[in-house]
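**Student:** pasting the sequence and the predicted model now:
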Amino acid sequence: MKFLASQIAALLSGTVEGDPNAEVWNVAKIEEGRPGMLSFLANPKYTSYIYETQSSVVIVNRDFEPKQPVAATLIRVDDAYASFAKLLAYYDQMSQNKTGVSSLAFVSSSARMGENLYLGEFAFIGENAVIGNNVKIYPQVYVGDGVVVGDNTTLYPGVRLYRNTVIGQRCIVHAGAVIGADGFGFAPQEDGHYEKIPQVGNVVVDDDVEIGANTTIDRSTMGSTRVHKGVKLDNLVHLAHNVEVGENSALAAQVGVSGSTHLGKNCVVGGQSGFVGHLHIADGSKFGGQSGIMGSIKQENQEFMGTPIQPLRQYLTSNARFRHIDEMARKIEMLEKELEQLKSMK
């Protein structure tokens, strides 16, 4: 798929400086540019590369003033970074504009299917499922009985949606994600074995949520495990039964949230962090990577790190002191010896 510099400038409301007919068919970092590539310059640290890049077209800010000749055609815009992001989104939409139902897909006779659907090979749509308009369901996706998928949502290959799961509009679920598997509910018995507690609830995912590859969200024991609007879950995140994640929160890779814990709005959780069960986390809470959260957070917009967590500033101070612990131990040992000597002189 080829584009002219003039076409790109029109899309971005920019102006061309150089050859308006310069062609590009792919994108590249400015330091790795090749003929036919499109790059951008937003960070001043990379300015030197614009004089040597081989990219055919480079997007720059309007106020960029070159100190040397630039071989590439320039497209001047108000915000080079935002414009490049907009262009990537447009390109992604164009390249994934799939439609049509494969003859190798299975759709239950009781399912309701929307318009402009893409349904790939070996995808399965169960009984009484409801699929919205402009939905893309890639090969080998399983959509169980009673599942609802909202308009403009994309399910990538190998996604599994268990019965009665609800996915909102404009969601993206990446490959291998499993939503609606049984929560980890077992009752220990007197003879030592575990009796399974039926998990009869479901998972509800609101609009504009993105769920990473191989992430798992368990169905609730009763009621719903809930992921609210705008939440972003990275790869390999696990949400246990009856968890609730508030609007516009973001959880990085390998975060685990134990059952019935409720995260507030706009929370940010670093990778490999873990929450024990039945916590309430205030809006705007932020946790550094590998944090261990063992108690509820009541005050909003606080930052934490460590296992168990400490306020971020306290953690950084303690960590800096910990690096000198050997030296401190030696000094204490010397002081103890001096104290014993003074005692013996009495």
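**Tutor:** Sure thing, it's come through.

**Student:** quickly list the domain ranges of this structure.
**Tutor:** Residue ranges for each domain of the chain read 3-95, 100-315, as given by automatic domain parsing.

**Student:** winner for burial among those?
**Tutor:** domain 100-315 (a mean of 19; mean count of other Cβ atoms under 10 Å). For every residue, glycine as well, the C-beta is placed using N, CA and C.

**Student:** now do the same end-to-end measure for that one.
**Tutor:** 54 Å (Cα to Cα, to the nearest Å).

**Student:** same question, stretch 246-257
**Tutor:** 13 Å.

**Student:** what is the mean pLDDT for it?
**Tutor:** On average, the pLDDT along stretch 246-257 is 98.

**Student:** list phi and psi for the residue nearest to the spatial centre of the chain.
**Tutor:** Nearest residue to the geometric centre of the chain (Cα atoms, centre = their mean): residue 234, 3.5 Å. Main-chain torsions, residue 234, degrees, to the nearest 10: phi -80, psi -180.

**Student:** same check on the one 4 residues further on?
**Tutor:** Taking degrees, to the nearest 10, you get phi -120, psi 120 for the backbone angles of residue 238.

**Student:** what's opposite it in the beta bridge?
**Tutor:** Note on residue 238: beta-bridge partners by DSSP bridges are residue 216, residue 256.

**Student:** separation between it and residue 272?
**Tutor:** 11 Å (Cβ to Cβ, to the nearest Å).

**Student:** shared neighbours of those two, anything?
**Tutor:** Counting by Cβ atoms under 8 Å, 6 or more residues apart in numbering, the residues touching both residue 238 and residue 272 are residue 255.

**Student:** what about the stretch 1-150 of the chain, any weak spots by pLDDT?
**Tutor:** 95 (pLDDT under 70).

**Student:** the helices in this structure, which residues?
**Tutor:** In the chain, the helices defined using DSSP state H lie at 5-12, 80-95, 312-322, 325-344.

**Student:** by contact count, what packs against the second one?
**Tutor:** Under the contact definition 3 or more Cβ pairs under 8 Å, 6 or more residues apart in numbering; DSSP states H and E, helix 80-95 sits against helix 5-12, strand 26-27, strand 37-41, strand 57-61.

**Student:** got it, and the first one?
**Tutor:** In this structure, helix 5-12 makes packing contacts with strand 15-17, strand 23-24, strand 57-61, strand 73-77, helix 80-95, judged by 3+ Cβ pairs under 8 Å, 6+ apart.

**Student:** just put those in TSV and tack on distance to residue 278.
**Tutor:** Output for these, formatted as TSV (distance: least, Cβ to Cβ, whole Å):
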stretch	distance to residue 278
strand 15-17	58
strand 23-24	54
strand 57-61	50
strand 73-77	50
helix 80-95	39
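
**Student:** how about those, which one is nearest residue 137?
**Tutor:** Closest approach to residue 137 among the helices and strands packed on helix 5-12 is made by helix 80-95 (16.9 Å; Cβ to Cβ).

**Student:** just the residues contacting the closest one, thanks.
**Tutor:** With Cβ under 8 Å, 6+ apart as the test, helix 80-95 has contacts from 1, 8, 11-12, 14, 27, 38, 40-42, 59-61, 77.

**Student:** now do stretch 158-168: everything it contacts.
**Tutor:** Residues contacting stretch 158-168 (Cβ under 8 Å, 6+ apart): 126, 138, 140-150, 153, 155, 173-181, 202-209, 219, 229.

**Student:** rerun at 6 Å
**Tutor:** 140-150, 153, 173, 175-181, 202-207 (Cβ atoms under 6 Å, 6 or more residues apart in numbering).

**Student:** and that stretch, end to end?
**Tutor:** 19 Å.

**Student:** can you check stretch 155-175 too?
**Tutor:** 8 Å.

**Student:** now that stretch, how far from the centre of its chain.
**Tutor:** Averaged C-alpha coordinates place stretch 155-175 at 15 Å from its chain's average position (Cα atoms, centre = their mean, to the nearest Å).

**Student:** cool, and stretch 56-65?
**Tutor:** 30 Å.

**Student:** and it, end to end?
**Tutor:** 18 Å.

**Student:** likewise stretch 71-83?
**Tutor:** First-to-last residue span, stretch 71-83, Cα to Cα: 21 Å.

**Student:** check stretch 288-306 too.
**Tutor:** 7 Å.

**Student:** same question for stretch 271-290.
**Tutor:** 6 Å.

**Student:** all further residue positions should be reported with the first residue as 25.
**Tutor:** Taking 25 as the first residue, the last one we looked at is stretch 295-314.

**Student:** so what touches it?
**Tutor:** 276-294, 315-318, 320-329.

**Student:** and if you look at stretch 235-255?
**Tutor:** 197-205, 207, 209, 223, 225-233, 257-273.

**Student:** what mean pLDDT does that stretch have?
**Tutor:** In the prediction, stretch 235-255 has an average pLDDT of 97.

**Student:** kindly export it (C-alpha atoms) in PDB.
**Tutor:** Extracted in PDB, the C-alpha atoms of stretch 235-255 (Å, rounded to 0.1, in the frame of the first residue of the first chain):
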ATOM      1  CA  ILE A 235      -7.000  -6.800  26.900                       C
ATOM      2  CA  GLY A 236      -3.600  -8.100  26.300                       C
ATOM      3  CA  ALA A 237      -2.500 -11.500  24.900                       C
ATOM      4  CA  ASN A 238      -2.900 -14.500  27.300                       C
ATOM      5  CA  THR A 239      -4.600 -12.400  29.900                       C
ATOM      6  CA  THR A 240      -7.300 -14.200  32.000                       C
ATOM      7  CA  ILE A 241     -10.400 -12.800  33.700                       C
ATOM      8  CA  ASP A 242     -12.400 -15.300  35.800                       C
ATOM      9  CA  ARG A 243     -16.100 -15.300  36.000                       C
ATOM     10  CA  SER A 244     -17.600 -14.400  39.400                       C
ATOM     11  CA  THR A 245     -19.000 -16.800  41.900                       C
ATOM     12  CA  MET A 246     -22.200 -14.700  41.800                       C
ATOM     13  CA  GLY A 247     -22.800 -11.400  40.100                       C
ATOM     14  CA  SER A 248     -20.100 -10.100  37.700                       C
ATOM     15  CA  THR A 249     -16.400  -9.700  37.500                       C
ATOM     16  CA  ARG A 250     -16.300  -6.100  36.100                       C
ATOM     17  CA  VAL A 251     -13.800  -4.300  33.900                       C
ATOM     18  CA  HIS A 252     -15.000  -0.700  33.500                       C
ATOM     19  CA  LYS A 253     -14.800   1.700  30.600                       C
ATOM     20  CA  GLY A 254     -11.400   2.600  29.200                       C
ATOM     21  CA  VAL A 255      -9.300   0.100  31.200                       C
END
